[in-house]
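[1] Sharing a model prediction with you, sequence too.
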Amino acid sequence: MRREVTVVCRCNDVTREDILKAIEMGIDDFELLRKYLRLGFGPCQGRSCVMIAARIFARAKGKSVEEVLSNYRVRPPIVPVPAKYFARGLKP
Amino acid sequence: MTFRRGRRLTFTFEGSPLEAYEGETVAVALYAAGVSVLSWSSGLGRPRGLFCMIGKCSSCFMVVNGVPNVKTCREPVREGLAVERQRGWVPPADAAELGEVETRELETDLLVVGGGPAGLSAALEAAQQGLDVLVVDEHLRLGGQLLKQTHKFFGSVELFGGLRGFQIAGEYLKKLESNGRVRVLTQSAVYGAFRGGLVGVVGRDAHYVVKPRAVVGTPGASERYLDFANNDLPGVVGAGGVQTVMNELGVKPGERALVVGSGNVGLIISYQLLQAGVAVEAVVEILPEVGGWFVHAAKVRRYGIPILLRHTLKAVYGTEKVEEAEVVEVDEGFNPVPGSEKRFKVDLVLLAVGLEPDARLFAQCGAVMRWSPDLGGLVPLRTPGLETSVRNLYVAGDASGIEEATTAIIEGRVAALSAVSKLTEGSRAGRAAEEAERLNRFLWEEYRASPLLARARRGKQSVTVSEEEMEKVRALSPPPVSFG
């Protein structure tokens, strides 16, 4: 039987436990947490996980979700792009 | 209701032939064939199946004709296609095998991102007002979530009362097709906006660089996900995902279901499941009262489905798909009450716990964002004309805050008319501005006066600022991108 886990970020398999452990280690900034765990850095670009993670983080740190998300940044590409779209010039 | 299916064809799954119908996506063809595991996850090697079914999550990624990370809920099934389960992240083929994609440059007056109710109405309004319009949508066909809405809309004929969602989409498509000013790119997605006001689009067969004079962003929303044990097991599906499978494509989604959330979506999907022959064991609601409208709750109760108030989902169990779900009662502080666990033998767990606006496009453009629990999450700050702090970038529909299809349609028109009033001159600009104001008055003073929309109204009020205030916001947070 597989271990029971609560998955927050499906793309990169980040669990609730991982987030709580990182907070315990002293990570006190949400963007730092995201970079450390690669949370929301997968192909869906955080569409499922960022809000759940923000809520978990807010609860654990006694902050509001708005505060937690205040320096949240989104960078392109915002959807997965097949490598061939950008691969011009890579041909041997 | 009848479902028109395309011609039969054969594709292969893990080397074995499977039958499907033309017009289906790969994900649905596999689901209909009883395949629940689509991939094994990257880090923990866990089985993954369908979740959102509308191209927002990453749960349906598979290897198609040797290409990894293909979103199979957006990939049309074709004769001879070779589909395989993805095991972790598969490296892409080497550069020589990638092939080359042509880049095409396009200019347009108005770029509409997303072809759901808000996008369709924005596109039609702008085209009727004389703008050239380009609509970009990820799906195989336009219509967005209207395509799976089989229930009839309430309200006046002008607001499509009496029509079903997919019929409304049909009406729009007919009008857009006969209007020569609208170009459409389906199976295409905006991947970002860049300096100089350029927008990148991954097209079906080409890379587009679009230079629009204005953009109406109507990317919609995604299903909210929940944190409970084994929440990623195949069989845990977004309610909207199940509607896609069941109502848009006519495939029975399971045998026994548990629905989490008693809002309108949870209630409507419950009786749609019954109509499709699926047994609904219970509807679970964490709050002490039903979230949805009385009319829908009464219908569910009449069918004998228990609505468990003050309960939440604790865990689901199963090896490769859901076999059992465990529900627990909660106290006033939403903490689980020990010993109150109940187990249900189900193969389908539907999450109908709300939607989350898709904020990525606006946030990436540098629009000033606001967090609004009343609207479902992060949304762009906007003027009454729905312009964001990024000049000539408008927002409409669920992306502006979760509401419903009728308000999305009206917002789409307001955004388009605001754009027309800025991009044109003279009497046409004046008439467009007046019409936008008339629609806004109707929206705010009549339509949203309904107590059923009170929460959304409050939320939208809190993220709307006057033109003058927006100028101050722009001065404080100048966006890196601008259009026009």
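    Structure's in. What do you need? For clarity, every value in this text was computed on a predicted model and none was experimentally measured.

[2] Provide a list of residues in contact with residue 17.
    By default, I'm working from chain A. Residue A:17 makes contact with A:5-6 under the criterion C-beta atoms under 8 Å, 6 or more residues apart in numbering or on different chains. Using the backbone N, CA and C atoms, a C-beta is placed for each residue, glycine as well.

[3] ah, I was thinking of chain B
    B:10-11.

[4] list the buried ones in stretch B:17-29?
    B:18, B:20-21, B:23-29 (16 or more other C-beta atoms under 10 Å in any protein chain shown).

[5] er, stretch B:300-310 I mean
    Neighbour-count burial for stretch B:300-310 [16+ other C-beta under 10 Å]: B:300, B:305, B:307-310.

[6] what's the answer for stretch B:188-196, then?
    For stretch B:188-196, by 16+ other C-beta under 10 Å, it's B:188-193.

[7] Which one of those is nearest to residue B:285?
    When these are compared for distance to residue B:285 (C-beta to C-beta), residue B:189 wins out at 34.9 Å.

[8] Am I right that that closest one is in contact with residue B:199?
    No: in this structure, residue B:189 is not within contact of residue B:199 by C-beta atoms under 8 Å, at 10.9 Å.

[9] one step back: near chain A, from the buried residues of stretch B:188-196?
    The subset of the buried residues of stretch B:188-196 within reach of chain A, by C-beta under 8 Å from any C-beta of the partner chain, is B:189-193.

[10] Distance to residue B:468 added to those, as TSV?
    Shown next, in TSV, are those (distance: C-beta to C-beta, whole Å):
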residue	distance to residue B:468
B:189	35
B:190	30
B:191	34
B:192	30
B:193	26
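
[11] and those, which of them are in strands?
    B:189-193 (DSSP state E).

[12] Considering the residues you listed, which is situated nearest to chain A?
    Closest to chain A out of these is residue B:192 (2.7 Å), distances taken as C-beta to the nearest C-beta.

[13] how close does that closest one get to residue A:79?
    Between residue B:192 and residue A:79 the computed distance is 9 Å (C-beta to C-beta, to the nearest Å).

[14] go on, residue B:352?
    Remark: distance between residue B:352 and residue A:79 (C-beta to C-beta) = 25 Å.

[15] Pick out the residue of chain A closest to chain B.
    Taking C-beta to the nearest C-beta, chain A has residue A:76 as its residue nearest chain B, at 2.7 Å.

[16] Please verify my assumption that that residue contacts residue B:190.
    No: counting by C-beta under 8 Å, residue A:76 stays clear of residue B:190, with 9.4 Å between them.

[17] Now the common contact residues for the two.
    residue B:200.

[18] For residue 60, give me its contacts.
    Reading this off chain A. A:19-20, A:23.

[19] could you do chain B instead?
    Going by C-beta under 8 Å, 6+ apart, residue B:60 touches B:27, B:38-39, B:49-51, B:53, B:71-73.

[20] what's the pLDDT at it?
    With respect to pLDDT, residue B:60 scores 92.

[21] And residue B:285, by the same measure?
    Confidence score, pLDDT, at residue B:285: 97.

[22] Likewise for the one 3 residues further on?
    Among the per-residue scores, residue B:288 shows a pLDDT of 95.

[23] What parts of the stretch 51-200 of chain B come near chain A?
    So far as C-beta under 8 Å from any C-beta goes, the stretch 51-200 of chain B lies against chain A at B:51-52, B:56-59, B:61, B:67, B:69, B:71, B:92, B:95-96, B:98-101, B:103, B:138, B:189-194, B:200.
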